[in-house]
Each structure stands twice: as C-alpha cells, then as structure tokens.
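A.B. asks: structure for the following, please:
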Amino acid sequence: MRLLPIHLHDIALLRRDPATQPAPEQGPALEVHALDDEAAIQAAHASVGHRIAPQRLQRRLHNGLEFLRFDLSSVPVATTWVAGSRGRYVDELNWLLPIGGGEYWVRDVFVSPASRGQRVFNSVSAALAQRAGGPPRPVWSDVDWPHAQSMRAHASAGFSVVARVRSLDFDGRLRWRSRLPAWPLPVTEIEPASRCIWLRGDRLKRHQELIA
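C.D. replies: Here you go, the predicted structure:
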C-alpha cells in the first residue's frame, strides 16, 4: 500500500495600505521597467541571481501576470511578478482572490545579493503603490508564515497580516483547508465555501489553468 505524502501549507495573506498604515522608512528611489519579452525576463531574473523555468514564465504571462524590473542608477536591483485586479491564485488553497482596480499583488520579489539590507523591498512596495497614479494604492502579498525573514521584511515595508490560512495537502489532490477569510470582493474559484476539495476532473483542469 502506497502512503500518501501529506504537507501542511501555512500562509500569511498581507496588505500594505497607505491610507491606514504609517509610511515605512523608505529605501532608495527606483526606476520601474515592465518587460514582456521572454528573453528579457530571463535576463532580468539572472541579473538578480535567480532563474525561472521557461514553462512557468510562459504560464505567468498567459495568466495575465506582469513582470517588473527595478533599477537603481540603471543597475537592476530587484524583480517581481505582479497580479492585477484578477488577483492571486493561491494554489496551495485553490482560491483565486481578486483585488481592487489599480492594486497589485506581488509574487516572488527577488533582490540582488549586492542590494540586500538596503530596504529595497520597501522601495519596490512604495513604487507599486504609486504606479497606478493618484493617491497611493494598496499592495498585497503572501508568504509562508514560518518564514521569519520574509515576514520581518514585509512588516518593515508596511504590510500587515490580513489572514493566516492553512491547508493539509494529501498527495497534491485532496486538500482540507481553512475557511475562506472575509474578503473585500467576491471569491468564485475554486468552490471557495468548501473546506475539503478533491482535485479531479473539471476541478483539476481548472486548477491547472489557474496555477502560475
């Protein structure tokens, strides 16, 4: 009999809201560049010491994520992917969480090794908050709750925890998850009211379409 691998996902959903939270200490002023060419995106990842699989890159572009490179004096210091109003598909919990227009959800912020410790993540968050024009907008993120360094970086950049959510993952197909937290916009994917979700048939197909 094969034993099913079981994994606990423990995730913090975070929000930086300039309207209600004090401004964090600012890092350096950054230039923001949006890239949509696959070769340029791969080069930008490499410039901050990271690699991304081509299939994942293509999936993210297909699902509407935008790639941004942040430069300081024309030198790349950070990169990130951002989701817009469509929101973030948290694949560990199978929720597609929408956000407001002009807001962003950051995915995988990478800071170059030479630029760490200089509050670059603070500057990335501030640049995104201002990017839509008008008053600064909220910026969203999610991190593994046990990742203390990332949690501290988010707190330093002005993020606060909206919710802590968990799921027990049985072999990547059967999940027992937290109740959906109160959310500012309607959540429709995937069967958000269900505590237990079995990924097969149409549910599995939809999951594979949304994952990025």
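
A.B. asks: every contact and neighbour count from this point should use C-alpha atoms.
C.D. replies: Fine.

A.B. asks: from the contact counts, what lies against the helix or strand bottoming out on mean pLDDT in the chain?
C.D. replies: Every helix and strand of the chain was ranked by mean pLDDT, DSSP states H and E. The lowest is helix 120-131, at a mean of 91. If contacts are counted by 3 or more Cα pairs under 8 Å, 6 or more residues apart in numbering; DSSP states H and E, helix 120-131 sits against strand 75-83, strand 104-111, strand 139-144.

A.B. asks: go again with 7 Å.
C.D. replies: Using 3 or more Cα pairs under 7 Å, 6 or more residues apart in numbering; DSSP states H and E as the contact criterion, helix 120-131 has no neighbours among helices and strands.

A.B. asks: what comes into contact with it?
C.D. replies: For helix 120-131, contacts defined as Cα atoms under 7 Å, 6 or more residues apart in numbering pick out Gln26, Gly27, Pro28, Ala29, Leu30, Pro136, Arg137, Pro138, Val139, Ala157.

A.B. asks: one more time with 6 Å, if that's ok
C.D. replies: The contact list for helix 120-131 (Cα atoms under 6 Å, 6 or more residues apart in numbering) reads Gly27, Pro136, Arg137, Ala157.

A.B. asks: can you give me the strands in this structure?
C.D. replies: Taking DSSP state E to define them, one finds strands in the chain at 6-16, 31-35, 66-72, 75-83, 88-90, 95-97, 104-111, 139-144, 160-170, 174-177, 196-198.
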